[in-house]
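Undergrad: no sequence for this one, just the structure:
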């Protein structure tokens, strides 16, 4: 038994965001102090990683950790239209989820994020004073590169699917009926404001003040951490954080449509918590 799972809506800046509240079962033994908010990735990547987040939440909950999985405004079952919100809005959703945990009497708070969700979690952790545990799975370190790569992939897919001899229009700006401009990205309308804010993400250049426990996880075919993740490690360490880096050889769960259980990713995260963070009750 992994615990009690309660679907709910939380208030966030005049809208409701959908969440699932994982509470350890009464017979699970001691409930640990640390409760986590899970921060999902961007657009279609959220769908692909949904099962991995569920698996991780249940694993943590079975070990005594309450977990709150959220969907940002404009995403999934949350209220609002995707194109109406920006990174700043979603960071506020994370803050409001943390406020919910505080109301539950949780003295220790943690954030776990994947890809863009990891980037947002890292930024929120810098602005709050009571997040002690930060787990970043394959964070988007440079937002400008991330947007450029995704737009190139979109253009390539359009070129491959167009009829032979036809012209493939570029991945250009679109205009909504209300006059706002943005990009239609695989069915997700990304506003100009969202494009700008993603492009401004630079986790290595950003000042670091976080001094809690940090796990940076690289998810790739490489068994050794790359230069980028090592540079991010140095930035956190220089601020006084206790940092661990893991290179997990795992499939890119944010791009997989088939059901896939990232066992190695989840187990390595739990192992870090046992060995370094000591916030998991071993059963």
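TA: Ah, there it is. Remember, it's a predicted structure, so these values are computed and weren't measured experimentally. Numbers count the residues shown, from 1 in each chain.

Undergrad: what's the burial count for the closest residue to residue 44 other than its chain neighbours?
TA: Using C-beta to C-beta, 6 or more residues apart in numbering and skipping residues adjacent in sequence, the residue nearest residue 44 is residue 186, 5.9 Å away. The way it works is simple: take the backbone N, C-alpha and C, and place the C-beta from them, glycine included. By other C-beta atoms under 10 Å, the residues close to residue 186 number 12.

Undergrad: in this structure, what secondary structure element scores lowest on mean pLDDT?
TA: strand 174-175 (a mean of 59; mean pLDDT, DSSP states H and E).

Undergrad: C-terminal to that strand, what's the next element?
TA: strand 181-185 (DSSP states H and E).

Undergrad: in the stretch 51-200 of the chain, which spans are strands?
TA: Ranges of strands in the stretch 51-200 of the chain, per DSSP state E, counting those that start in this stretch, are 67-70, 108-114, 131-137, 174-175, 181-185, 188-191.

Undergrad: figure out which of those strands is closest to residue 248.
TA: strand 131-137 (8.6 Å; C-beta to C-beta).

Undergrad: list the helices and strands the closest one packs on?
TA: strand 34-39, strand 108-114, helix 116-127, strand 213-220, helix 263-272 (3 or more C-beta pairs under 8 Å, 6 or more residues apart in numbering; DSSP states H and E).

Undergrad: touching, the residue nearest to residue 44 and residue 42? I think so.
TA: No: using C-beta atoms under 8 Å, residue 186 makes no contact with residue 42, being 11.0 Å away.

Undergrad: and the strands of the stretch 51-200 of the chain as JSON lines, adding mean neighbour count and distance to residue 275?
TA: Output for the strands of the stretch 51-200 of the chain, formatted as JSON lines (neighbours: other C-beta atoms under 10 Å; distance: least, C-beta to C-beta, whole Å):
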{"stretch": "strand 67-70", "mean neighbour count": "25", "distance to residue 275": "20"}
{"stretch": "strand 108-114", "mean neighbour count": "25", "distance to residue 275": "16"}
{"stretch": "strand 131-137", "mean neighbour count": "25", "distance to residue 275": "14"}
{"stretch": "strand 174-175", "mean neighbour count": "12", "distance to residue 275": "49"}
{"stretch": "strand 181-185", "mean neighbour count": "18", "distance to residue 275": "40"}
{"stretch": "strand 188-191", "mean neighbour count": "18", "distance to residue 275": "39"}
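
Undergrad: nearest to residue 87, out of these?
TA: Of those, nearest to residue 87 by C-beta to C-beta is strand 188-191, at 10.7 Å.
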